[in-house]
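Q: quick one, what's the 3D model for this:
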Amino acid sequence: MDTDENDQVNRSRFLFAVALAGVLLYAALDAVAQSLPPHYSPVSQAESDLAVGPYGYVMTLNFINRGILSLCFLFALMLAANSGDVASRRLRRGSWLFAVWSVGALLLAAFPTDVPPAPVSWHGVVHLVVAVAAFLGGAFGALYFSLGMAGNRTLGKARGVAVPLAYLTAALCAAELLGGLVPGVAASYGGLTERLFLGSLLLWVAVVSAVMLEKPIMKPAP
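A: Residues are numbered from 1 along each chain as shown. Next comes the predicted model:
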């Protein structure tokens, strides 16, 4: 590899490592936020509710963390995807969709949700719209990325674990969004389905990052 390619390898590895560390930090901060008053239900209430209340800043910081780790992961994937190969259409689509997920997390931090019985506010509406767009972007961005790995000599090694996790994430996203349309389901299990979806997507990020860090990110062109 030449100097430029080595620099690209180092940047990719650093960004994958930051993304992996960010996922671990996300899990820790989420547990802290859940343990603090007013003790919102993780089964029936959305994760965003944790950002409202006397200790809401913990979850707000975690939204920012989610946005940063997701952007680092996105840039790492694109650096790796372009290492000697032309990124496929699926990878390009995946990058745009995952960017929606990443930026969406930062916007969720800026526009807090409404926790019933509080009245609906303008920032609560913005939060809801951004959350739906971000969830769809994350789920289908992961799916496009995973399917696009097949034709890429650098990312191909992660495809075996990425594809099944991406399909699981897409299914859980559909369950979360469709369940939100059913009042009884949303009120009783909305928090659980959301956390399962978020957990699966962040697991996808963590596993792909770990696989890409396990072996050299890029190979010399033949």
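
Q: Leu172 is in contact with Phe197, isn't it?
A: Yes - proximity of Leu172 to Phe197 meets the contact threshold set by CB atoms under 8 Å, at 4.0 Å. Any C-beta I mention is one placed from the backbone N, CA and C, and that applies to glycine too.

Q: any common contacting residues for those two?
A: Contact criterion CB atoms under 8 Å, 6 or more residues apart in numbering; residues shared by Leu172 and Phe197: Ala139.

Q: report the buried residues of stretch 132-149.
A: 133-149 (16 or more other CB atoms under 10 Å).

Q: pLDDT at the spatially closest residue to Tyr189 that is not a sequence neighbour, what is it?
A: Nearest residue to Tyr189, sequence neighbours excluded (CB to CB, 6 or more residues apart in numbering): Val43, at 6.4 Å. Confidence at Val43, expressed as pLDDT, is 96.

Q: Val43 touches Gly191, doesn't it?
A: Yes - Val43 lies in contact with Gly191 (CB under 8 Å); the separation is 5.2 Å.

Q: more neighbours, those two?
A: Between Val43 and Gly191, counted using other CB atoms under 10 Å, Gly191 has the larger neighbour count: 22 against 12.

Q: ok, the more buried one touching Gln34?
A: No - look at Gly191 against Gln34 with CB under 8 Å: they stay out of range, at 10.2 Å.
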